[in-house]
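# Provided below for reference: sequence and predicted model.
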Amino acid sequence: MKVKLFTAQNMAEAMIQVKQDLGREAVILHTRRFRKGGIMGFFGKEMVEVMAAVDSPAATPAETKVPVVMPAIASDDTQITALQLEMSNMRKMMEQMLCKLSKGDKQSSPLMDLLIKNDIEPAIAANLVKGLPDEKSIVGSDQGIVHKLLLDRISNYLRKVDGIDVTSAGCKAVALIGPTGVGKTTTIAKLAANFALKEGYKVALVTADTYRIAAVEQLKIYGDIIGVPIEIVYSPDELKAALYRHNDKNLILIDTAGRSPSNQYQLAELQALLSVDPYIETHLVLSTTTKYKDALEIVNKFSICSPQKFLFTKVDEASNLGTILNLLYHFPATLSYVTTGQSVPDDIELANSNKLANMILRN
Ligand SMILES: Nc1nc2c(ncn2[C@@H]2O[C@H](COP(=O)(O)OP(=O)(O)OP(=O)(O)O)[C@@H](O)[C@H]2O)c(=O)[nH]1
Ligand SMILES: [Mg+2]
């Protein structure tokens, strides 16, 4: 920064000097009037002193040269110059203040921090807190209101909830699809036990997971314990026949083999299997322990099977539930159930938007 002191007979002249020497970008730091000559400060000539500065050497008169205006004919012009300098000064100050404010906003928003800590995507978090009042500005009993407003906004994205409806006449067929190991078979057992044993509906199990002997055995054991029939199908035609055979049941639960989202062939095979009956309700099973980016890939790749609902598992294992909100923000799907542990049949419940919103903000 270049700082310079100018003296002149009046302010207008001083401003012309400042402008000529330091250019239009100059900032007035200080002005004072004083008397020059005379005796002990009396009878002297009144003068003005202006201290001005310019930030960058680039803004020297060589580059910002302006025509010299004679004070006698340019009093209006010099006033304008002074005003311009003053305004440029104010503009700089305001820019600095705004810069500090916006930096401060990003760093010191506790709600934003809370969302980010729970793995909510920054862009989604920013959108969620947009327009919410600052918690610190609220006094007294209403202090929790901002938190409640945020919870409402979150639960709004999770509001579409619908489990398996077996009350309508006829047989309902529900298939669980998803990547390997997310909990499809365990969830089928939980659903079967709840609908058959707790609610008294007629249930049948079908497994299309014939890739592993253990997978068939796993479901057979559950079927035996719960006391419901189980069918093993090796092809779309066999699935069609099994659905027909059990059309006297209230509910047929179809277990499928875990599929890798990057294996197009496997996904196409799954799609062909499920397309034997357009009334099969398909739930995409997603583990809440899956990272958001991977979950996004799963949702995109499994969309070939047109799942109607999302079912989230392993809520008990996940360090946070950011993945649920991130996904539902982009895909406004219907939620069916969430599973909360390994115990059959207890660790399953119908999704609840308020409860999930609270869990998403729990850390
Ligand atoms: N902690 C926890 N574990 C679960 C939950 N649901 C299932 N599991 C466990 O996850 C593991 C895999 O469960 P499965 O039901 O076999 O998963 P799957 O999706 O059928 O797996 P594949 O058939 O191999 O694709 C088992 O150890 C289950 O006990 C849950 O809600 N919480
Ligand atoms: Mg399985």
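That came through fine. Since the structure is predicted, the reported quantities are computational estimates derived from the model, not experimental observations. Ligands and ions are numbered 1, 2, ... in the order given.

# Do I have it right that residue 226 meets residue 192?
Yes - taking CB atoms under 8 Å as the contact criterion, residue 226 and residue 192 are neighbours in contact, 5.3 Å apart. Where C-beta positions appear, they are placed from N, C-alpha and C, glycine not excepted.

# So for these two, which residue has more residues nearby?
residue 192 (27 against 20; other CB atoms under 10 Å).

# tell me which element the more buried one falls in.
Element membership of residue 192 [criterion: DSSP states H and E] is helix 184-193.

# Show me the strands paired with the helix or strand following that helix, marking each as parallel or antiparallel.
On the C-terminal side of helix 184-193, the closest following helix or strand by DSSP H and E is strand 203-207. Sheet pairing of strand 203-207 (DSSP bridges) gives strand 230-232 (parallel), strand 251-255 (parallel).

# close to ligand 2, is the longest one?
No - using CB under 5 Å from the ion, strand 251-255 never reaches ligand 2; the gap is at least 5.9 Å.

# With respect to residue 178, which of the strands paired with strand 203-207 lies nearest?
Closest to residue 178 of the strands paired with strand 203-207 is strand 251-255 (CB to CB; 10.8 Å).

# Going by neighbour count, which residues of that closest one are buried?
Using 16 or more other CB atoms under 10 Å as the burial criterion, the residues of strand 251-255 that qualify are 251, 252, 253, 254, 255.

# and if you look at stretch 262-271?
With burial defined by 16+ other CB under 10 Å, the residues of stretch 262-271 counted as buried are 266, 267, 269, 270.

# For the stretch 101-250 of the chain, what lies in contact range of ligand 1?
Within the stretch 101-250 of the chain, the positions near ligand 1 by CB under 6 Å from any ligand atom are 180, 181, 182, 183, 184, 185, 186, 209, 215.

# Check the secondary structure at the second one for me.
At residue 181, secondary structure determined by DSSP: H, G, I helix; E, B strand; the rest coil is coil.

# so what's it up against?
For residue 181, the set of contacting residues under the criterion of CB atoms under 8 Å, 6 or more residues apart in numbering consists of 258, 287.

# hmm, who's touching stretch 267-279?
In this structure, residues lying in contact with stretch 267-279 by CB under 8 Å, 6+ apart are 173, 175, 177, 208, 235-237, 239-240, 243, 256-257, 259, 261, 280, 282, 301-302, 304-305.

# Same question for stretch 235-255.
164, 166, 170-176, 184-185, 188, 191-192, 195, 201-209, 215, 219, 229, 231, 233, 272-273, 275-277, 280.
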